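S.K.: When you get a sec, could you give me coordinates for this:
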Amino acid sequence: MSQSKISIFLESVFSWPVLLSLLFMLGFQWFFPSNTAKDVIAPFLNRDVVCEPFKRTDEENQVWVETPLCEYVFSLEGAILVDQVYKKHLGKDGQPLKTVYEHGQFEKDQGLFLLALEEKTPLNYKLVSQNDLISGVELVFSTETSNKEWRIFKKFHLSNTSYSIDLSILFEPLKNEVQPLSPRVFVSGPLLAELEKDKVEGAVIRGDDQRLEKNVSGKNELLAYWDAPRIVAVEDKYFIHALIEYSPGFVNRAFFKRVAGLGELKKKDVTGSGLVAILECAKVTEKADVKLSLYVGPKSVAEMEKVDSKLTSFLSLGFFSWLAKFFLWLMELLYEYVGNYGLVIIVLTVMVKLLFLPLFIFSKREALKASMLEARYSLELQAIKQKFKDDFVSREAEISKFYDAHGVARNGGAWGLVSNLIFFLIFSTFSAIMNNSLALYHAPFVLWIKNLGAPDPLYILPLLLVAGFVYHQRSMKLFGAGMVIMKIVLPVVFFFVGINFSAGVLIYLATNSLLMIVDELLVKYLFPVVI
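M.R.: This is a model prediction of the structure:
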């Protein structure tokens with residue numbers, strides 16, 4: 001293959017708008033990386049719990065509660081949440097998802113809402129009251145410390161309309177002179193057992209500068225802590241347990257403890273989330289009534305914003321999270337009318353296409369002008385390239401002058417750049433949504449596609465993607481190695497890349513490919529190009 005043919009091929013595949021678009025995206029990721037934790041050297045952080053004996057049987061030990069959103073089971077062994085089932089979110093086999101499990105006999109520190117003391121931690125709670133209110137369900141538990149100096153009440157309010165849980169803790173001295181208490185509240189993370197690789201990580205919004213720090217449980221997790229944090233969270237891919245508000249001055253600092261993960265759970269009959277947030281609280285020296293508000297639910301924009309808009313910061317949606325949140329909100333809105341997330345993706349893709357249709361048509365016409373000019377004056381262009389074959393700068397300058405002389409923008413000009421930037425922006429945003437949205441987890445589309453959040457099991461969508469690629473490059477006149485790469489190698493690459501995309505992403509790409517054909521037809525019959 002001659003040098004001139006190689007140049008033609010490279011210019012057709014790696015056009016400057018595409019390259020600049022890629023550089024633009026990579027630049028943003030380089031200069032604006034994801035937030036990560038900044039480890040600090042901490043004083044002693046107590047992660048241990050010494051518990052008093054507990055002898056009640058399991059049958060006497062549980063309190064069952066139901067709201068319109070969830071089913072809960074509380075254990076009297078520590079007045080902790082040991083079971084939570086999400087009624088509106090389905091997983092494998094259409095069964096409701098479950099993220100909180102009964103802890104094992106020796107895993108007390110993994111209990112959600114465990115109240116631990118520096119001294120022996122009382123576990124022998126009793127149910128004081130259970131009331132159904134208009135706003136939700138109220139549960140009150142009580143216990144006493146082993147030295148009989150304190151009575152502790154834990155009051156839970158489970159909302160009927162959101163995934164918020166309010167916890168009030170009343171410390172009541174039983175004597176005139178009592179030993180101070182040093183309470184800690186344990187918030188274990190969610191665990192989606194049916195997800196094979198459910199990675200649980202910690203996250204904090206700092207109290208001083210409101211900065212979000214994700215994946216805080218790094219290699220120095222035993223040294224890291226945060227003074228008076230704004231929000232403390234333990235999260236997996238689809239769910240989050242987060243402290244979002246507390247009585248002023250009650251939570252002094254927060255840190256994390258790594259516990260048994262999913263791998264251990266499959267080997268033995270114990271539970272563990274992989275990570276527990278420990279809220280170290282102020283000393284209690286007299287009667288005190290403190291409140292903590294938590295969000296224990298899915299990573300849904302709509303549900304999070306009901307409770308605290310700051311929670312949406314924990315969604316893993318990349319640099320363009322502001323756009324992804326809008327698309328997520330719009331998807332949930334469209335789903336109420338369409339009832340199928342596959343159709344929602346198609347409708348949303350069409351809406352975006354219509355929004356930018358004038359730009360896409362104009363950039364297509366400009367690119368077509370450049371292509372027609374190159375076809376008509378191919379000999380002249382070849383002569384320029386041959387004349388300056390050893391001087392890249394002069395060759396490019398002369399070619400640009402040639403295009404300018406004919407009033408045509410090379411490679412579609414700035415409009416091609418803008419069009420490519422918009423495509424990469426929308427694609428990266430859609431990819432982040434499809435890979436992190438609970439709404440798409442085991443959401444069916446049609447026939448063989450039972451999970452929009454997973455790859456196509458029959459590879460039909462990747463094949464459609466390859467067919468669209470082959471159709472769009474049909475007019476390229478390449479020979480030799482160029483033809484082999486474009487018509488054989490790249491389609492194969494497209495296929496093997498596509499089989500790793502989620503079905504939701506592939507539906508977006510396939511729909512976008514069909515709409516590009518519509519662009520071509522509109523340009524051909526309604527806005528024809530004449531050189």
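
S.K.: For Arg376, give its distance to Tyr525.
M.R.: Arg376 is 22 Å from Tyr525, where distance means Cβ to Cβ, to the nearest Å. Heads up, the C-betas are built off the backbone N, CA and C, glycines and all.

S.K.: out of the two, which sits in the more crowded spot?
M.R.: Arg376 (12 against 8; other Cβ atoms under 10 Å).

S.K.: Torsion angles phi and psi at that one?
M.R.: In terms of degrees, to the nearest 10, the main-chain angles of Arg376 are phi -70, psi -40.

S.K.: what about Glu102, neighbour count?
M.R.: Glu102: 18 surrounding residues under other Cβ under 10 Å.

S.K.: What sits closest to it if chain neighbours are left out?
M.R.: Leaving aside its chain neighbours, Glu102 sits nearest to Val82 (4.5 Å; criterion: Cβ to Cβ, 6 or more residues apart in numbering).

S.K.: Per-residue pLDDT of the closest residue in space to Ala454 that isn't next to it in sequence, please?
M.R.: Nearest residue to Ala454 in three dimensions, chain neighbours excluded: Ser502, at 6.1 Å (Cβ to Cβ, 6+ apart). Listed pLDDT for Ser502 reads 86.

S.K.: What is the burial count for Ser502?
M.R.: 22.

S.K.: Same question for Phe326.
M.R.: Count around Phe326 with other Cβ under 10 Å applied: 13.

S.K.: can you pull out the helices in the stretch 201-350 of the chain?
M.R.: 262-267, 301-307, 321-338, 341-355 (DSSP state H, counting those that start in this stretch).

S.K.: Distance to Leu97 for those - can I get that in a markdown table?
M.R.: Listed next are the helices of the stretch 201-350 of the chain as a markdown table, based on distance: least, Cβ to Cβ, whole Å:
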| stretch | distance to Leu97 |
| --- | --- |
| helix 262-267 | 15 |
| helix 301-307 | 14 |
| helix 321-338 | 17 |
| helix 341-355 | 16 |
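
S.K.: circling back: which secondary structure element contains the residue nearest to Glu102?
M.R.: strand 80-90 (DSSP states H and E).

S.K.: Can you list the low-confidence ranges for the stretch 151-300 of the chain?
M.R.: Along the stretch 151-300 of the chain, the parts satisfying pLDDT under 70 run over 217-221, 260-273.

S.K.: how near is Gln110 to Gln210?
M.R.: Counting by Cβ to Cβ, the gap from Gln110 to Gln210 is 30 Å.

S.K.: The two - which one has more neighbours?
M.R.: Legend: neighbour count by other Cβ under 10 Å for Gln110 and Gln210, higher for Gln110 (27 against 11).

S.K.: how about that one, phi and psi?
M.R.: Phi and psi for Gln110, reported as degrees, to the nearest 10, are phi -100, psi 0.

S.K.: where along the stretch 1-150 of the chain do the helices fall?
M.R.: Using DSSP H, counting those that start in this stretch, the helices of the stretch 1-150 of the chain run over 3-13, 16-31.

S.K.: same question, the stretch 401-531 of the chain
M.R.: 413-436, 460-472, 481-484, 490-498, 503-525.

S.K.: Go through those helices and find the least confident stretch.
M.R.: helix 481-484 (a mean of 48).

S.K.: For the spatially most central residue of the chain, grab phi and psi.
M.R.: Centroid-nearest residue in the chain: Ser316, 3.3 Å away (criterion: Cα atoms, centre = their mean). Dihedral angles of Ser316 (phi, psi; degrees, to the nearest 10) stand at phi -90, psi 80.

S.K.: next one: Leu76
M.R.: Torsion angles, degrees, to the nearest 10, at Leu76: phi -70, psi -10.

S.K.: Tell me how far it lies from Cys281.
M.R.: Taken as Cβ to Cβ, the span from Leu76 to Cys281 is 22 Å.

S.K.: between those two, which one's more packed in?
M.R.: Taking neighbours as other Cβ under 10 Å, Leu76 and Cys281 compare with Cys281 leading, 24 against 19.

S.K.: what's the neighbour count on the closest residue to that one other than its chain neighbours?
M.R.: Take Cys281 and drop its neighbours on the chain: the residue closest to it by Cβ to Cβ, 6+ apart is Pro183, 4.6 Å away. Residues within reach of Pro183, counting by other Cβ under 10 Å, total 21.

S.K.: Repeat that for Leu425.
M.R.: 17.

S.K.: List the backbone torsions phi and psi for the spatially closest residue to it that is not a sequence neighbour.
M.R.: Excluding the flanking residues, the one nearest Leu425 by Cβ to Cβ, 6+ apart is Phe320, at 6.4 Å. Note on Phe320: its backbone torsions stand at phi -90, psi 40 [degrees, to the nearest 10].

S.K.: Against Thr429, how distant is Phe320?
M.R.: According to Cβ to Cβ, Phe320 stands 5 Å off from Thr429.
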